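*Asks:* the following block contains a protein sequence and its predicted model.
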Protein chains: 2
Amino acid sequence: MPNSNANEESAAAKQYIYSFAGGAAEGDASMKNLLGGKGANLAEMANIGLPVPPGFTLSTEVCTYYYDHQKTYPANLFETEIPAALKKVEDYLGKKFGDPDNPLLVSVRSGARASMPGMMDTILNLGLNDTTVEGLARKSGNARFAWDCYRRFVSMYGDVVLDLKPADKKQIDPFEEILEQKKHELGIHLDTEFQVDDLKDLVARYKKAILDKTGKTFPEDPKEQLEGAIGAVFNSWNNDRAIVYRKLNHIPGWWGTACNVQAMVFGNMGEDCGTGVAFTRDAAAGDNIFYGEFLMNAQGEDVVAGTRTPLKIAELAEGKPEIYNQLEEIRSILEQHYRDMMDIEFTIENDKLFMLQCRVGKRTGLAAIKIAVDMYNEGLIDEKEVLRRIEPEQLNQLLRPVFDLNEKKAAIDGGRLLATGLNAGPGAATGRVYFNADDAMEANARGEEVILVRIETSPEDIKGMNAAEGILTERGGMTSHAALVARQMGKVCVAGCGTLRIDYKAGEMRVAGKDIVIKEGEYISIDGTTGEVIAGEVKTKNSEILEVLIDKTLDPADAPTFKIYDQLMQWADKYRKLGIRTNADQPDQAEIAVTFGAEGIGLCRTEHMFFGGDRIDAMREMILADDLAGRKVALDKLLPYQRDDFYGLFKAMGSKPVTVRLLDPPLHEFLPHTDAEIKDLSGKIGKSVEEIKRNIESLHEFNPMLGLRGCRLGILHPEIIVMQVQAIIEAACRIKQEKKLDIVPEIMVPLVSTVKELEITSEVIHKTARSVIAKQGIGVKYLVGTMIEVPRAAITSDQIAQAADFFSYGTNDLTQMGLGMSRDDSGQFLPIYQQQEIFARNPFESIDIDGVGRLVSISAKEGRSVKPDLKLGICGEHGGDPATVEFCHKTGLNYVSCSPFRVPIARLAAARAALL
Amino acid sequence: MPNSNANEESAAAKQYIYSFAGGAAEGDASMKNLLGGKGANLAEMANIGLPVPPGFTLSTEVCTYYYDHQKTYPANLFETEIPAALKKVEDYLGKKFGDPDNPLLVSVRSGARASMPGMMDTILNLGLNDTTVEGLARKSGNARFAWDCYRRFVSMYGDVVLDLKPADKKQIDPFEEILEQKKHELGIHLDTEFQVDDLKDLVARYKKAILDKTGKTFPEDPKEQLEGAIGAVFNSWNNDRAIVYRKLNHIPGWWGTACNVQAMVFGNMGEDCGTGVAFTRDAAAGDNIFYGEFLMNAQGEDVVAGTRTPLKIAELAEGKPEIYNQLEEIRSILEQHYRDMMDIEFTIENDKLFMLQCRVGKRTGLAAIKIAVDMYNEGLIDEKEVLRRIEPEQLNQLLRPVFDLNEKKAAIDGGRLLATGLNAGPGAATGRVYFNADDAMEANARGEEVILVRIETSPEDIKGMNAAEGILTERGGMTSHAALVARQMGKVCVAGCGTLRIDYKAGEMRVAGKDIVIKEGEYISIDGTTGEVIAGEVKTKNSEILEVLIDKTLDPADAPTFKIYDQLMQWADKYRKLGIRTNADQPDQAEIAVTFGAEGIGLCRTEHMFFGGDRIDAMREMILADDLAGRKVALDKLLPYQRDDFYGLFKAMGSKPVTVRLLDPPLHEFLPHTDAEIKDLSGKIGKSVEEIKRNIESLHEFNPMLGLRGCRLGILHPEIIVMQVQAIIEAACRIKQEKKLDIVPEIMVPLVSTVKELEITSEVIHKTARSVIAKQGIGVKYLVGTMIEVPRAAITSDQIAQAADFFSYGTNDLTQMGLGMSRDDSGQFLPIYQQQEIFARNPFESIDIDGVGRLVSISAKEGRSVKPDLKLGICGEHGGDPATVEFCHKTGLNYVSCSPFRVPIARLAAARAALL
């Protein structure tokens, strides 16, 4: 809390509240850090003359003050500052907060820098009490409306502020329970059938339930209501859902939320009222069409929560053409003003349009790319801005598999099409059905592919959504919680599939009009691009982009997604400085990577080559040999395999560089585990079962990560290096002879911690290579370099560089050793570490810049101090993480290497880093 | 080989050979690096006018050239330079190399910078052949002598140069075999019974054996002999024995050896000839008496090898008073000149004295200290030089246990005294008897205490000597191989115990005149200070120094060793800058450490406190608890134990600082392993055996070193920290109240890698401490600091220092993580790493200065950059290693902390570091 003192000192002078009303505001869109996204955009909309109900924003500094000071507020906030801000609203509208005749009602909403949809709390209709409800009834001429508002307010306040919640997630909401009881008593089914007196009775029952179950009295005083609601909003910044969401989205806890207090407008006052949400373009496909939904005579949450299925925005043009035209004009103003696709909320009160929110719209990866490229074509943004607009991770969605069309057609022809819902999150997913988040997470942990199926989703479900391949809901529109979150997570989603009949209790779902039952654990397949839901598994296949890349007979002109992708990659390559390589050890992986733009192989893990068929037997024979002669016999068997592997890889890469890492893992990783395997091996290599077991026992290590592996293997057994280098150089000779390709293998020594290790190993490499070259009479060039993955190597890189042609940072091990944290064992504490913000992100996913990053920086500097043109790359799994790519760019590395499917992501990330 | 080019360039100009003869030499004693110890001192003795046979030294640069150039020599070495040097010797003596009438004979000996006794090869009598032997016979008038010299030369040359050796160590030497065969044929027993013709026949048989078994012909050409002998000397630098010896003594392989070629003088030409070795003072006890041994009519190796038991030097005074007086004068000249105790070799040829070697004498720790302090009193050296003279490790010998006198008396009174030999290595040792090095090593590896018993030892035995507690030999004097090496290793040794009858074959020893058999594996006890050998075990007890320190009733005036120790420690404390603390977690350890001069506790490992009796049950209950409540129940049981532990420790330390490390190891280290233990625990804590097993299984980690341990435990379970801090502060309060001692506990958080971890943990510590202090109403102060043992912590010390009152370097873990090397697993490769000189010393024994040391330096600099007075210490086991202490001094740490018995060693090392 280093800035808390500073806060206190300047507390008197500090502005904590920012008002907005009718064409003017104290804030603007640039002040998101202070006012949150919602508050900043309300101010901006007011400033550009859009119809915004008046209100004010308590800044995020109030929130941080609140948490830094044992949940208290800056001096005078409630005494003078809020009343003053409230007065402006009262004056503007000619209403008064708590006035028995003409009461001002307000909403109280959270609003952080980044959108966290549904994670925090909101209170509507605040200001109603037993007196003002009558004033509202009189003023609106609609007693039923007024009492329904009051009923909603009491239940919302009871839940959010007074904390009357179901004891656990499986129980029904206490207010819902009272409502259902009342319906049962009255013999009615719909909320709309309640009469005024019924609503009054409900209000009384709600208040009694609150008192009975929490011991708290519902406050009649509007000011007390307001203070309670503001406190609830700030408290909700640290509820479990919000913390999980922040972790998933890398939002730091210290940001805090702002709190917006705004005059209520009512979409539920009658049939000349309504409410809606819209995107200025299609958020799923990115097309330039006005895309939204609305409900007449409804409050905003009715649309978002998905409890009633809303109408398409186009239908508004028929019912309310003036309103629709006004909205279309606002759409245009907003896009020209923000130069981006916006997500808006509006309310119609007695045929008058009010804008309640506008923010940059969330979108699928496909939409993000299409919109950005379209806006470039429309002259709204330039190519650099296109690159800046697209989060590299969004590209992932375009690269992901789709269904094999033949397979899908066969499934549909075979009668397996269950239903069609909204195409809310593109892509194809197949998996086992689970009906709640916990079961989904457990199944995922077991290694199953999961489709999470819910009637509708709520913020409690996000962990389960994250664990699922895809999400299917019965209710809710394109802007429902499920749809929004799924798109953001890059999950496949089919929403609002109304013919499903989901039964949580029975753990099954049926389809209206069909004689079919899908039980928990059974397979379904969902197509988030078409909305189709299909029983059983449907094979997935390459994305359109990959198909065009691989299949040269396809015409890119027929592949609109490919065209956008291709344009984007051209721009990325124009600006990026970093080279992009791939981690691959099989020719097919290498080919895919090259089509995705890989400029070489940054890491070929030779150990992966030893696992197939007979190879593993020879490998085991080598490990279990009693002496050098025995090891050589086994190595001679491995040699032809290795040579063929390298030949295939070199061939796939053409003349691009290939970095081959010599054998790295602890030998026991190759050994058999079960008695059956041991017995089988015993027969094959002619050693007794007991002997093999004794051998395996003797290879046991307490901390294998820090044991006999890497270059240590080759220093103890140089014959292993000899075999591997012979295979590499012979393969390169063959390629050169057959294909006239000048491949320059980069031979990489792992786990070096001292220059001496590299010198000793290099000597064996050079001796072997020279001998092969002399024997073959073919002039092949090669480089010898090292992984920098041990902290000692990083900090003695000036020494090590003298013996190395290149460095490649093995940031996985560098993280394990630098942080003293075993990746395999960190699962016990890393989640709690992230929760406590000890690490903002999982350091195995995104490089720990302060620690591991510093080791890399020191090494790069020291290494280049003795060898200015030392080639530097990174080959840890971090290489495909955009934040890490940015770090590598800043640190001056030559390239990053990542898995084949992340190559385009790394290209984009590298361009964005160069544009920072 | 970075300097090999430089060598070549200046090859023409470089002086490779340094001559010495009669009062003048090209070298001197300061040129040890170039001429080796022996060569430099021969030159020095020549310069100061002592009678040295003329000769020349091939410098160590010849050796490094030889190894850098595929075993070839610098240009012209054999063509012109050696002949020129040889000519000087010829001219000085009036003899000629290879002359048939008056042949010059030479010795060819190795001589490195540091003495490596017996590790490398030597050739004597070189220059003899079938022609020159007759010349020597004529010239000496002693044909028997001449042919005996020739016989010895041929066998030595055959062994060393032509490589005719026994096939394995158990077989008899081939030349010895021929000799025994000849004796058998002649029916004689002693070498002296051979007649001239017998010797001629032996020479012929030797040459035939060489030709038959090696295919090589013994060279008649003296020049060829010389070239062969020089090559053998250089080759012997890298024989197995030499490599092992260098490793044990931290001598780098790149030093190389010099090679001394010197005119032969003969101690075996008749009864007016002789040879001897002496120390200018007693090398065992340090007394200022002339101490040596000689044999008349013998060659040097007869004395050193221990094959004949030599006479005491005092007897020379009776037999040859002029020679003795001349030697006494030389002794005085040498001590005044070198201002140190010297080890000399001399030969008497026809009543003329020649000095063959002088070097600083090896000595026991006791002697080193006594001699240095005596020389201070004699005005030869100052107190700084005293400190510089004593290797800290030598102190170890004075601190080591001795026999309990009552126990020993009882054993002797009970008739268990077997024999009395020479008191060749002081101290007391008890252990099981093994008769060869391999068996001794194996027994040691099994965990047994071993006494190595040999008829005599040879360089092949050093590994076995190193594995033994003590060494006992049947033959050999105070300067025998066994005695020299044992003293240097700090091993207990009784040598030349002539009444023993050792039978390797039967695996037993008897004692002449006694009806007793000691079989392999049975216990004996040896007193290296008195020479006594006792059957069975005798209890050992504290050294004199420790006794005086502990038992205040003893009069230090009666304790001469203590007096010297005490003087030395006073000088050490006068010059050292580093504080010295100890690692201790029990009051008795702490008390011993304080008597040894510890100024505080640098590391109290709290986990050691959890292992005794009921504690481990409560600890296990805590670990296996299902929830927080269960953990708290168990922690409440542990609290009183912890509090008492800390109370005892604080009491022992008075007001000295005590650093307490919070719980560190992975929890599974505390859990039961066997079924019986699990069953027992099951009954005690009321959990089923299956449940406990499941729990243990769930705590399994792949790399526990990098898993859930250290501060991670406390972040997941703050209640553990709460208990420990409560115990610490309550104990401090009690001490303050009872003893009026202001103890300031230093609470140390382990395994921190980010400042945030330290902040979170510190918050719990402060909250707990404040609450205890408030409750007790006693104003106790405390510090909160951290171990720096994770590389990330070291390189982000600027951040971490902001939250720490002190740093303590945990160099064990810093080595493991920094080098990516598990201590427990490194045994597989570290010996090979040391052999290949990847690490000069075991990095777990002496800090790896380039790597781990750099992390410490970076951390110290960064930490002090934000907190200039940050207290820095080291608490890894390296803290007691003199080289590490020197590093810590240079790096500006405030203190080192080591085990109690190493405190005096660290004090001395710190003083020496300050005097560098």
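*Replies:* Noted; the coordinates are in hand. Residues are numbered from 1 along each chain as shown, chains lettered A, B, ... in the order given.
*Asks:* contacts, neighbours, all on C-alpha from now
*Replies:* Noted.
*Asks:* for the residue in the stretch 51-200 of chain A that chain B sits nearest to, give its distance to A:Lys247.
*Replies:* Nearest residue of the stretch 51-200 of chain A to chain B: A:Asp68, at 14.7 Å (C-alpha to the nearest C-alpha). Using C-alpha to C-alpha, to the nearest Å, we find A:Asp68 at a distance of 21 Å from A:Lys247.
*Asks:* higher neighbour count, those two?
*Replies:* Taking neighbours as other C-alpha atoms under 10 Å in any protein chain shown, A:Asp68 and A:Lys247 compare with A:Lys247 leading, 19 against 16.
*Asks:* could you give the mean pLDDT of stretch A:786-803?
*Replies:* Averaging the model's pLDDT scores along stretch A:786-803 yields 98.
*Asks:* hang on, I meant stretch A:253-267
*Replies:* 95.
*Asks:* so that stretch, near chain B or not?
*Replies:* No. Between stretch A:253-267 and chain B, judged by C-alpha under 8 Å from any C-alpha of the partner chain, nothing touches; the nearest distance is 13.8 Å.
*Asks:* and stretch A:607-616, C-alpha only, in CSV?
*Replies:* C-alpha atoms of stretch A:607-616 as CSV (Å, rounded to 0.1, in the frame of the first residue of the first chain):
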residue,chain,number,x,y,z
GLU,A,607,14.0,-37.5,-26.8
HIS,A,608,10.5,-37.4,-28.3
MET,A,609,12.0,-39.4,-31.1
PHE,A,610,12.9,-42.3,-28.8
PHE,A,611,9.4,-43.3,-27.7
GLY,A,612,8.0,-45.1,-30.7
GLY,A,613,7.9,-48.9,-31.2
ASP,A,614,11.2,-50.6,-31.3
ARG,A,615,13.1,-47.4,-30.6
ILE,A,616,12.1,-47.4,-27.0
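*Asks:* now tell me what touches it from outside.
*Replies:* Stretch A:607-616 is contacted by residues A:585, A:619, A:638, A:641-642, A:645, A:663-665, A:670 when judged by C-alpha atoms under 8 Å, 6 or more residues apart in numbering or on different chains.
*Asks:* redo those as JSON lines? Include pLDDT, distance to chain B and secondary structure.
*Replies:* Output for those, formatted as JSON lines (pLDDT from 0 to 100; distance: C-alpha to the nearest C-alpha, whole Å; DSSP: H, G, I helix; E, B strand; the rest coil):
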{"residue": "A:Asp585", "pLDDT": "86", "distance to chain B": "25", "secondary structure": "coil"}
{"residue": "A:Met619", "pLDDT": "90", "distance to chain B": "20", "secondary structure": "helix"}
{"residue": "A:Leu638", "pLDDT": "94", "distance to chain B": "24", "secondary structure": "helix"}
{"residue": "A:Tyr641", "pLDDT": "92", "distance to chain B": "28", "secondary structure": "helix"}
{"residue": "A:Gln642", "pLDDT": "94", "distance to chain B": "26", "secondary structure": "helix"}
{"residue": "A:Asp645", "pLDDT": "92", "distance to chain B": "30", "secondary structure": "helix"}
{"residue": "A:Leu663", "pLDDT": "95", "distance to chain B": "16", "secondary structure": "coil"}
{"residue": "A:Asp664", "pLDDT": "93", "distance to chain B": "13", "secondary structure": "coil"}
{"residue": "A:Pro665", "pLDDT": "89", "distance to chain B": "13", "secondary structure": "coil"}
{"residue": "A:Phe670", "pLDDT": "87", "distance to chain B": "16", "secondary structure": "helix"}
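*Asks:* now the buried members of those residues.
*Replies:* Among the contacts of stretch A:607-616, those classed as buried by 16 or more other C-alpha atoms under 10 Å in any protein chain shown are A:585, A:619, A:638, A:641-642, A:645, A:663-665, A:670.
*Asks:* in the stretch 551-700 of chain A, what residue lies closest to chain B?
*Replies:* For the stretch 551-700 of chain A, the residue closest to chain B is A:His700, as judged by C-alpha to the nearest C-alpha, at 8.9 Å.
*Asks:* can I assume that residue sits in a strand?
*Replies:* No. Applying DSSP: H, G, I helix; E, B strand; the rest coil, one finds A:His700 to be coil, outside a strand.
*Asks:* does it really touch A:Glu669, like I thought?
*Replies:* No. A:His700 is beyond contact range of A:Glu669, at 10.0 Å (criterion: C-alpha atoms under 8 Å).
*Asks:* C-terminal to the least confident helix or strand in chain A by mean pLDDT, what's the next element?
*Replies:* Ranked by mean pLDDT, DSSP states H and E, the weakest helix or strand in chain A is helix A:4-9, scoring a mean of 44. Note on helix A:4-9: by DSSP states H and E, the next helix or strand toward the C-terminus is strand A:17-21.
*Asks:* I'd like the average pLDDT over that following strand.
*Replies:* pLDDT averaged over strand A:17-21 gives 96.
*Asks:* what about that strand, distance to the chain center?
*Replies:* 34 Å (C-alpha atoms, centre = their mean, to the nearest Å).
*Asks:* quick one, what contacts A:Ala143?
*Replies:* Contacts of A:Ala143 by C-alpha under 8 Å, 6+ apart are A:134, A:136-137, A:196.
*Asks:* okay if I get those residues as CSV plus distance to A:Leu713 and secondary structure?
*Replies:* Listed next are the contacts of A:Ala143 as CSV, based on distance: C-alpha to C-alpha, whole Å; DSSP: H, G, I helix; E, B strand; the rest coil:
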residue, distance to A:Leu713, secondary structure
A:Glu134, 85, helix
A:Leu136, 83, helix
A:Ala137, 84, helix
A:Val196, 83, helix
